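Engineer: Provide a 3D model corresponding to the input given below.
(chains A, B, C and D)
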2 protein chains.
Amino acid sequence: MSPSPEECGREVLDVVPLVMRTIRAEMRHHRTPELSVPQFRVLTFLNRHEGASLSDVADHIGLTLPSMSKIVDGLVARNLVTRQTHPGDRRRVKLALTTEGQAALHSARELTQASLAERLAVLSPSERTTIVQAMLALRSIFDSGREAKTDIVR
Amino acid sequence: MSPSPEECGREVLDVVPLVMRTIRAEMRHHRTPELSVPQFRVLTFLNRHEGASLSDVADHIGLTLPSMSKIVDGLVARNLVTRQTHPGDRRRVKLALTTEGQAALHSARELTQASLAERLAVLSPSERTTIVQAMLALRSIFDSGREAKTDIVR
DNA sequence: TATTGTTATACTCTATAACTATA
DNA sequence: TATAGTTATAGAGTATAACAATA
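Structural biologist: This is a model prediction of the structure:
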């Protein structure tokens, strides 16, 4: 029998924080330089959305503007991101990765991914297929960037 | 073709933080009283391991002793957990849930689970089956409590 | 007046270092 | 001396409230 949404929710609630703990620990331990999870997500977003505004990023990551402003402060201070006034609307801010930011993103992604891969390698190919399919399904309902494109009303 | 460990790692790295963001937000918004993710995890652990020491909890959750000490401070202050000297070894501490702690845990779990279930409900039964199977597989390689019982050497 | 950000303030989570108490 | 915890200190992440600048 297939699991109810409730049963499924229980499993997700049990396991996702567990995996997250490892991801966070890996990010902390991989220098070059170390990136926190939210920092990493901001860099990832900016990599795909060059010139995004602070609001764009905050909306996508799901944080308030002040929170995002502070995170960006840190990234700018570390020269991973540039913050310029938007030409045309001087209230807005235009964010972009520096070369250093691109390198940091790439490096963090590679290293964290590799350490996850190391653990995932002990699973069978079919188990990995299941995981990838599950991630796809979860992404479709948890990615706020995509919510707008679907009919999910909250 | 089935995904390589690397491809699988990439998906997990993309999607898990996304889901985690929602879990965290839900926990924050569900009063009764609101519990953070780490607090929730500590209560969950204590629910299954009555009388555990601070080190037991810290090891399981993957935090340092001072970090855990502080989290427990907060839980004790809110009367969700009791902290007593261990009889027999007075260096150790014996932690347990209060009745209020049990209620808070139950309530937070129900509410968060329900909101996850709401999102998961839009998926097909077979997608939910896939997710549950994926969670099972992920748990087997990310649950540090189980690592000791398997042959995973890190 | 509405929108975009920043600053001020406060709390939690997390770590390392230094310390206390017990074994 | 080694182990279990706590305290001190510091930094990141997060929020709400108040503010400034621009449209």
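
Engineer: Nearest to the spatial middle of chain A, which residue is it?
Structural biologist: Among the residues of chain A, the one closest to the centroid is residue A:41, at 3.2 Å (C-alpha atoms, centre = their mean).

Engineer: where's it, which helix or strand?
Structural biologist: Counting by DSSP states H and E, the element that carries residue A:41 is helix A:37-48.

Engineer: Packing partners of that helix?
Structural biologist: Packed against helix A:37-48, as judged by 3 or more C-beta pairs under 8 Å, 6 or more residues apart in numbering or on different chains; DSSP states H and E, are the following elements: helix A:5-29, helix A:54-61, helix A:65-77, strand A:81-85, strand A:93-97, helix A:99-120, helix B:5-29. For glycine as for every other residue, the C-beta is placed from the backbone atoms N, C-alpha and C.

Engineer: CSV for the ones you listed, including distance to residue B:127 and mean pLDDT?
Structural biologist: Listed next are the helices and strands packed on helix A:37-48 as CSV, based on distance: least, C-beta to C-beta, whole Å; pLDDT from 0 to 100:
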stretch, distance to residue B:127, mean pLDDT
helix A:5-29, 9, 87
helix A:54-61, 24, 93
helix A:65-77, 32, 95
strand A:81-85, 36, 95
strand A:93-97, 34, 96
helix A:99-120, 20, 91
helix B:5-29, 14, 87
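
Engineer: would you list these in CSV and tack on mean neighbour count and distance to residue A:143?
Structural biologist: Rendered in CSV, the data for those read as follows (neighbours: other C-beta atoms under 10 Å in any protein chain shown; distance: least, C-beta to C-beta, whole Å):
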stretch, mean neighbour count, distance to residue A:143
helix A:5-29, 20, 15
helix A:54-61, 18, 9
helix A:65-77, 15, 18
strand A:81-85, 15, 22
strand A:93-97, 20, 20
helix A:99-120, 18, 18
helix B:5-29, 20, 6
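
Engineer: Switch these over to a markdown table; also include distance to residue B:113.
Structural biologist: A markdown table is the format used below for the helices and strands packed on helix A:37-48 (distance: least, C-beta to C-beta, whole Å):
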| stretch | distance to residue B:113 |
| --- | --- |
| helix A:5-29 | 4 |
| helix A:54-61 | 24 |
| helix A:65-77 | 26 |
| strand A:81-85 | 37 |
| strand A:93-97 | 36 |
| helix A:99-120 | 25 |
| helix B:5-29 | 9 |
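
Engineer: Determine which of those approaches residue B:45 most closely.
Structural biologist: When the helices and strands packed on helix A:37-48 are ranked by distance to residue B:45, counting by C-beta to C-beta, first place goes to helix A:5-29 at 11.5 Å.

Engineer: Next, the angle from that closest one to helix B:99-120.
Structural biologist: Here helix A:5-29 runs at 100 degrees with respect to helix B:99-120, directions being taken by axes from the mean of the first three to the mean of the last three C-alpha atoms, to 10 degrees.
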